[in-house]
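> predicted model and sequence below, questions to follow.
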Amino acid sequence: MNETNMARIWNPSIRVRTSHSINSNGAGTPLKPHTSSLPQYHSKAGYGARRGGRKVFVAMSGGVDSSVSAALLKQQGYRVVGAFIKGWDLPRLGSESRRGHFHCTWRDERRDAMRVAATLDIPLVTVDLSSEYKQLVVDYLIHEYKAGRTPNPDVMCNKEIKFGLFFDWARKRGADYVATGHYAQTHWQKTFPAHGQQGKFATKSFCQLGVSRDTNKDQTYFLWTLTPEHLAHTLFPVGNYLKSEVRQLAKKFKLPTAEKKDSQGICFLGQVDMGEFLETYLPKKSGSVINKSGQTIGEHHGVQFYTLGQRHGFTVTTSGARSRPQYVVAKSLAKNILTVAPQAKSVANTVQLEQINWISNQEPSEIKNYQARIRHRGELLSCRIKMINADQLEITFSNPAPLIAPGQSVVVYDHKVCLGGGVVV
């Protein structure tokens with residue numbers, strides 16, 4: 001493979017390298033049509049406006065989902081530009097350092113994105129957001145764990161990087177839309193005039209974030225910070241497909257990522273254990289593990305490394321307590337003490353959220369039942385919502401909820417529509 005740099009564009013906050021991949025075995029390969037057994041992807045952006053000439057920047061991670069997204073959009077007639085976002089490259093400090101065990105695969109991922117771009121005959125740009133990623137995602141993660149909270153870096157990556165800096169960068173460069181390989185959908189709805197109102201301008205349209213057709217792969221939990229501006233200019237081409245169908249399409253398009261395994265783990269850590277990563281930035285400090293009666297039954301190496309509901313990583317020395325699993329049910333950052341119990345259950349059915357965002361700017365009703373998800377792919381829990389103020393709300397679950405740690409995201413749904421969410425206080 002031969003990578004040719006075509007241009008370099010710099011500005012004070014974003015470093016961008018434009019490159020076009022050349023692959024003698026795949027460049028210019030024509031797109032294949034869908035098989036009749038697969039659903040067609042039809043973007044409703046612009047209510048059926050002509051797609052020819054509309055420019056889309058596709059965030060291409062080097063995986064199969066974003067690869068198929070680019071192929072589908074080109075087949076639909078969009079002017080597709082692939083964009084590989086370079087995140088933070090964890091520094092290596094030698095083989096004796098724990099950091100030396102971490103391996104960042106961004107070069108491999110970009111190479112795969114280049115191969116796909118060559119196959120589709122589309123340009124590919126590399127958007128270097130490594131320093132911004134370190135500041136807005138990694139430093140945030142470390143700060144939150146140090147404070148005893150449990151953050152979600154994937155939510156922050158979407159908010160600050162993909163639908164923050166990258167989204168703004170693409171729009172400033174003439175993108176009508178930004179597209180990603182997320183399993184999610186957008187649905188345009190119309191609001192009708194109230195009884196007695198007249199006039200053709202009374203009807204308005206707004207966009208909702210819908211769950212994906214493949215509910216097992218749905219990623220709306222990570223997208224609760226989106227806004228109407230994002231939805232109006234974002235496409236999720238694989239949101240109406242099952243994962244198995246996406247694989248089929250990748251083969252039909254002859255994409256080099258068709259058989260590539262899905263990425264796992266945290267957005268920038270990959271397969272690296274979160275505890276191992278945190279130990280390189282936060283000091284260990286031995287402390288006591290106690291039961292609900294206050295008896296010391298073991299030890300740990302720092303409460304900041306644990307989250308509520310966790311059952312591994314600490315030592316239980318009392319024989320009776322070792323006979324069954326123990327879960328973290330409380331922690332004291334000031335005293336450096338973990339409290340554990342045989343069951344990871346909450347006795348409360350309410351939780352307060354802050355940093356509230358309603359995706360379509362429509363505040364939910366306080367007299368209606370909704371569903372809430374406290375973790376990705378977690379159970380949808382029946383609940384009601386009470387607004388405390390514009391930035392805080394209280395969720396009351398119909399049944400006692402599982403343990404929820406401060407810093408976690410709780411996302412609210414109205415059946416198949418993702419309404420928004422917040423962060424546990």
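Okay, I see it.

> tell me how many other residues surround residue 210.
For residue 210, the neighbour count with other CB atoms under 10 Å is 20. (Glycine included, C-beta is placed from N, CA and C.)

> tell me, how many residues neighbour the closest residue to it other than its chain neighbours?
Spatially, and ignoring its direct neighbours in sequence, residue 210 is nearest to residue 185 (4.0 Å; CB to CB, 6 or more residues apart in numbering). If you count neighbours by other CB under 10 Å, residue 185 ends up with 23.

> return the helix or strand where residue 57 lies as CSV; C-alpha atoms alone will do.
Using DSSP states H and E, residue 57 maps to strand 55-59. The C-alpha trace of strand 55-59 is given here as CSV (Å, rounded to 0.1, in the frame of the first residue of the first chain):
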residue,chain,number,x,y,z
LYS,A,55,-21.3,16.3,0.9
VAL,A,56,-20.9,13.9,3.8
PHE,A,57,-17.9,13.4,6.0
VAL,A,58,-17.9,9.8,7.3
ALA,A,59,-16.0,9.1,10.5
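
> still on that earlier bit, residues in contact with the residue nearest to residue 210?
Residue 185 makes contact with 209, 210, 211, 212, 213, 236, 239, 240, according to CB atoms under 8 Å, 6 or more residues apart in numbering.

> state whether it is indeed within a strand.
Yes. The assignment for residue 185 by DSSP: H, G, I helix; E, B strand; the rest coil puts it in a strand.

> excluding its backbone neighbours, what's nearest residue 329?
Nearest to residue 329 is residue 341, by CB to CB, 6+ apart, at 4.7 Å.

> quickly note the distance from the residue nearest to residue 210 to residue 113.
Separation of residue 185 from residue 113 (CB to CB, to the nearest Å) stands at 24 Å.

> run through the bridge partners of the nearest residue to residue 292 once chain neighbours are set aside.
Nearest residue to residue 292, sequence neighbours excluded (CB to CB, 6+ apart): residue 341, at 5.6 Å. Beta-bridge partners for residue 341, by DSSP bridges, are residue 327.

> for residue 341, grab the count of nearby residues.
Residue 341 has 16 nearby residues by other CB under 10 Å.

> now the residue nearest to residue 210: how far from residue 363?
For residue 185, the distance to residue 363 - CB to CB - is 22 Å.

> spell out the residue ranges of the helices in this structure.
64-75, 106-120, 130-133, 139-146, 153-156, 167-172, 228-232, 243-252, 274-279, 319-322 (DSSP state H).

> for residue 400, which of the ones you listed is the nearest?
helix 319-322 (23.7 Å; CB to CB).

> between the helices of the chain, which gets nearest to residue 352?
That would be, of these and by CB to CB, helix 139-146, which comes in at 17.1 Å.

> give me the pLDDT value at the closest residue to residue 148 other than its chain neighbours.
Spatially, and ignoring its direct neighbours in sequence, residue 148 is nearest to residue 333 (3.9 Å; CB to CB, 6+ apart). Note on residue 333: pLDDT of 96.

> can you check residue 264 too?
For residue 264, pLDDT reads 68.

> ditto for residue 205
81.

> so it bridges to which residues?
Counting by DSSP bridges, the residues bridging with residue 205 are residue 190.

> that one contacts residue 189, doesn't it?
Yes. Contact criterion CB atoms under 8 Å: residue 205 and residue 189 qualify, at 6.9 Å.

> any idea how far residue 307 is from residue 278?
11 Å.

> on that earlier part again, tabulate the helices of the chain (TSV), appending distance to residue 393 and mean neighbour count.
Shown next, in TSV, are those (distance: least, CB to CB, whole Å; neighbours: other CB atoms under 10 Å):
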stretch	distance to residue 393	mean neighbour count
helix 64-75	32	26
helix 106-120	38	22
helix 130-133	30	18
helix 139-146	20	17
helix 153-156	17	20
helix 167-172	26	18
helix 228-232	20	17
helix 243-252	33	18
helix 274-279	28	17
helix 319-322	38	12
